[in-house]
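J.: With the input below, show me the fold.
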Amino acid sequence: MRLPIAISAILVASLGLNAPVMPQPPIQVAQTPAFTSFTFKQFKINYRLWRQ
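T.: Here you go, the predicted structure:
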């Protein structure tokens, strides 16, 4: 009765030791664009229009 448990424990442990076949690509973090004077002026114009 202990033999199947030992065999399955060894199989599960050996699966954890294997390296992944396909390495995962590095995660790229999206950066927010910097506010320029043009975008800020456009925002103010749009905000005024929206408030009317």
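J.: Secondary structure element for the closest residue in space to Pro33 that isn't next to it in sequence, which one?
T.: With sequence-adjacent residues excluded and distances taken as CB to CB, 6 or more residues apart in numbering, Pro33 is closest to Thr39, at 7.9 Å. In this view, the C-beta of every residue, glycine as well, is placed from N, C-alpha and C. Thr39 belongs to helix 37-51 when assigned by DSSP states H and E.
J.: Next: Phe35.
T.: Of the helices and strands defined by DSSP H and E, none includes Phe35.
J.: tally of neighbours for it?
T.: The criterion is other CB atoms under 10 Å. On that basis, Phe35 has 9 neighbouring residues.
J.: ok, it to Arg48 distance?
T.: Counting by CB to CB, to the nearest Å, the separation of Phe35 from Arg48 is 17 Å.
J.: Ile7 too?
T.: Relative to Arg48, Ile7 is positioned 74 Å away (criterion: CB to CB).
J.: what residue ranges in this protein score low on pLDDT?
T.: For the chain, residues meeting the criterion pLDDT under 70 lie at 1, 15-23.
J.: now Ala30, what's its secondary structure?
T.: In three-state terms, and counting by DSSP: H, G, I helix; E, B strand; the rest coil, Ala30 is coil.
J.: Now do it: how many residues are near it, please.
T.: 5.
J.: Same question for Pro4.
T.: Pro4 - counted by other CB under 10 Å - has 8 other residues nearby.
J.: Over to Thr39?
T.: Other residues close to Thr39 by other CB under 10 Å number 11.
J.: I'd like to know how far it sits from Asn46.
T.: Between Thr39 and Asn46 the distance is 10 Å, computed by CB to CB.
J.: can I get the CA coordinates of the helix or strand encompassing Ile10 in PDB?
T.: Using DSSP H and E, Ile10 falls within helix 2-17. Listed next in PDB are the C-alpha coordinates belonging to helix 2-17 (Å, rounded to 0.1, in the frame of the first residue of the first chain):
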ATOM      1  CA  ARG A   2       2.900   2.400   0.600                       C
ATOM      2  CA  LEU A   3       4.600   1.500  -2.700                       C
ATOM      3  CA  PRO A   4       2.000   3.300  -5.000                       C
ATOM      4  CA  ILE A   5       2.100   6.400  -2.700                       C
ATOM      5  CA  ALA A   6       5.900   6.400  -2.800                       C
ATOM      6  CA  ILE A   7       6.000   6.000  -6.600                       C
ATOM      7  CA  SER A   8       3.500   8.800  -7.200                       C
ATOM      8  CA  ALA A   9       5.400  11.100  -4.800                       C
ATOM      9  CA  ILE A  10       8.600  10.500  -6.700                       C
ATOM     10  CA  LEU A  11       6.900  11.200 -10.000                       C
ATOM     11  CA  VAL A  12       5.300  14.400  -8.700                       C
ATOM     12  CA  ALA A  13       8.700  15.500  -7.300                       C
ATOM     13  CA  SER A  14      10.500  14.800 -10.500                       C
ATOM     14  CA  LEU A  15       8.000  16.900 -12.500                       C
ATOM     15  CA  GLY A  16       8.800  19.900 -10.200                       C
ATOM     16  CA  LEU A  17      12.500  19.600 -11.000                       C
END
